[in-house]
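Colleague: Predicted model and sequence below, questions to follow.
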Amino acid sequence: MTDTQAKGEKIKQHLSLRALISISAMHFINDLHPTMLPTFLPEIVKRLSLSLSEAGFLNTLFGLLNLVVQPFAGQIADKLDRPLLALWAPLFTAGGAYLLPIAPSYGIAMLIVSMIGFGTASFHPQGHGLTGIAGGSGRLGTYLAVFSAAGTFGAALSPLYGVFLLRVLGPSLMPFAIILVIAVILAAQSGLPKKFVDRDRITAEKTGSAGSDGKQRNKFSRVLAICLPIIVISIVRDSTYQGIRTFLPLLVTGRGGSIEFGGTLLFAFTAAGVVSSLICGKLADAFSKKRVVFVMLALSPMLLFPAIIMKSASSVIFFVLGGACIAATNPVTLAMAQELVPESRSTASSLVMGVSWGIANIAASPIGMLGDRIGLEAALCVVTLLPLLAVAVMAANGVKRRIAAR
């Protein structure tokens, strides 16, 4: 074995299970905090006397930051050989979340939401990219599913964790919880290599599969063009998922429920994606990724629509199953994008997960405006039908390919 090969094997060992655990821990700690926005939204609305449109704009602002920052963060991450963004960006995410309950005005609340958005937008592209490097081509779907599940689990616990901190520490002491975040960062840092190399990217560059020249390979526009169909599907999916997550606590409290029950239901809705993403990530590696996405998105409206209109306890089951179907497609679409452009994993991730998620959060504002006009329940019923658009896009692309093959 040559020195170069030995060095490559050493890097491969570092970016294996230990690296996956470290990156996933950071995903968990980062995503533990953004969902505090919808969790605290009922209290913010009450304390600052906000309308549904104003409440929705806070989520829209969060989405705008993701939409603008993630593509830049993705391109920067593809040029970095150190996990700087994946380790330290969550400090902004957590710090902003802990300041939310003490926002004295709507303007300050927008600044705090911007802080949360900047942190999470900076973290995700490199986090997804490092996971892709650790998994390689053979375990890409599985590794991304584990990474996704860790974030989903953090997002699921977020409402319960946020309410716990609010009730136990109180708004004024919540910022001291940042000490726990710093401890996790330092622990995760020890599990990641100081430098890393993407072997799939090197292979793509040597074989020329990434393009005719280096400049063309790294062009943002090229990655955008290649991943565009997947981005469209992701936008539709995330608009449904984020729309329901944002307004679900308000739907519960509007029907007379407590903020604790709203947080619990939001936990169940989000937690369902932990198991489903792991299962579908494994299925995607073994079978067709496109088929998994198609089936899950087709099933989700059949479960979420009745969940919205039902007012009995059984609606919780429909919420959980519907959330599971939508969340299951996250790692699969991400794996599809990274396979298309292995030389630009972080940029592809910033588009498929970041831009789509940003646009989905921006959609919260028009959803809120629609809720002001026709009622929140009716507006959310419309939202649950959006995945059918993604199913139609996939079906149309399949027909187009069959015609072209004749």
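Modeller: Received, thanks.
Colleague: Follow the chain on from the lowest-mean-pLDDT helix or strand in the chain and name the next helix or strand.
Modeller: Taking mean pLDDT, DSSP states H and E as the measure, helix 214-217 is the helix or strand of the chain with the lowest mean score, a mean of 48. The first helix or strand that comes after helix 214-217 along the chain, using DSSP states H and E, is helix 220-254.
Colleague: Would you mind listing the buried residues in that following helix?
Modeller: Neighbour-count burial for helix 220-254, counted by 16 or more other CB atoms under 10 Å, picks out 220, 222-224, 226-227, 229-254. Using the backbone N, CA and C atoms, a C-beta is placed for each residue, glycine as well.
Colleague: how about the most centrally placed residue in the chain, phi and psi?
Modeller: Nearest to the geometric centre of the chain sits Met353, at 6.0 Å (CA atoms, centre = their mean). Here is the backbone geometry of Met353 (degrees, to the nearest 10): phi -100, psi -40.
Colleague: That one touches Met336, doesn't it?
Modeller: No - the pair Met353 / Met336 is not scored as a contact, 11.7 Å apart, by CB atoms under 8 Å.
Colleague: where along the stretch 151-300 of the chain do the helices fall?
Modeller: Per DSSP state H, counting those that start in this stretch, the stretch 151-300 of the chain carries helices over the ranges 178-189, 199-207, 214-217, 220-254, 259-286, 289-309.
Colleague: give the contact list for Leu85.
Modeller: Neighbour list for Leu85: 73, 76-77, 122-123, 125-127 [criterion: CB atoms under 8 Å, 6 or more residues apart in numbering].
Colleague: Determine which two of the residues you listed are furthest apart.
Modeller: Greatest spatial distance in the contacts of Leu85: Ile76 and Gly127, 13.2 Å, computed using CB to CB.
Colleague: The two: who's more crowded?
Modeller: Neighbour comparison, Ile76 and Gly127: the larger count goes to Gly127, with 30 against 17 (by other CB atoms under 10 Å).
Colleague: That one against Leu20, yeah?
Modeller: No - contact criterion CB under 8 Å: Gly127 and Leu20 do not qualify, at 11.1 Å.
Colleague: what is in contact with those two at once?
Modeller: Phe147.
Colleague: Quick check: nearest residue in space to Thr347, chain neighbours excluded?
Modeller: Once flanking residues are discounted, Thr347 sits nearest to Gly74: 4.1 Å by CB to CB, 6 or more residues apart in numbering.
Colleague: Now do the one you found against Leu224, distance only.
Modeller: Counting by CB to CB, to the nearest Å, the separation of Gly74 from Leu224 is 11 Å.
Colleague: Quick check: neighbours shared by these two?
Modeller: With CB under 8 Å, 6+ apart as the test, Gly74 and Leu224 both reach Leu351.
Colleague: tell me the pLDDT at Ser314?
Modeller: If you check Ser314, the pLDDT there is 79.
Colleague: for it, phi and psi?
Modeller: phi -70, psi -20.
Colleague: what number of residues lie near it?
Modeller: 11.
Colleague: Start at 28, not 1
Modeller: With 28 as the first residue, the last one maps to Ser341.
Colleague: for the stretch 328-433 of the chain, what spans make up the strands?
Modeller: Secondary structure of the stretch 328-433 of the chain (DSSP state E, counting those that start in this stretch): no strands present.
Colleague: Look up how far Asp312 lies from the closest residue to Gln153 other than its chain neighbours.
Modeller: Nearest residue to Gln153 in three dimensions, chain neighbours excluded: Ala104, at 3.7 Å (CB to CB, 6+ apart). Ala104 is 24 Å from Asp312, where distance means CB to CB.
Colleague: Asn357 now?
Modeller: Asn357 is 15 Å from Asp312, by CB to CB.
Colleague: higher neighbour count, these two?
Modeller: Between Asn357 and Asp312, counting by other CB under 10 Å, Asn357 is the more crowded of the two (31 against 19).
Colleague: Neighbours of the closest residue to that one other than its chain neighbours, how many?
Modeller: Here the nearest residue to Asn357 in space, its sequence neighbours aside, is Ser175; by CB to CB, 6+ apart that works out to 5.1 Å. Close neighbours of Ser175, defined as other CB under 10 Å, add up to 30.
Colleague: any idea which element Ser175 lies in?
Modeller: With DSSP H and E as criterion, Ser175 is part of helix 167-195.
Colleague: which stretches of the stretch 278-427 of the chain have low pLDDT?
Modeller: Low-confidence segments of the stretch 278-427 of the chain (pLDDT under 70): 425-427.
Colleague: my bad, the stretch 128-277 of the chain
Modeller: 162-165, 223-245.
Colleague: same thing but 50
Modeller: Counting by pLDDT under 50, the stretch 128-277 of the chain has low-confidence residues at 236-241, 243-244.
Colleague: From Ile386, how far out is the nearest residue to Pro256 once chain neighbours are set aside?
Modeller: Closest residue to Pro256 apart from its sequence neighbours, by CB to CB, 6+ apart: Asn424 at 6.2 Å. For Asn424, the distance to Ile386 (CB to CB) stands at 20 Å.
Colleague: For those two, indicate the residue with more neighbours.
Modeller: Neighbours of Asn424 and Ile386, each counted by other CB under 10 Å, are more numerous for Ile386; the result is 21 against 14.
Colleague: surely the more buried one meets Arg264?
Modeller: No - counting by CB under 8 Å, Ile386 stays clear of Arg264, with 11.1 Å between them.
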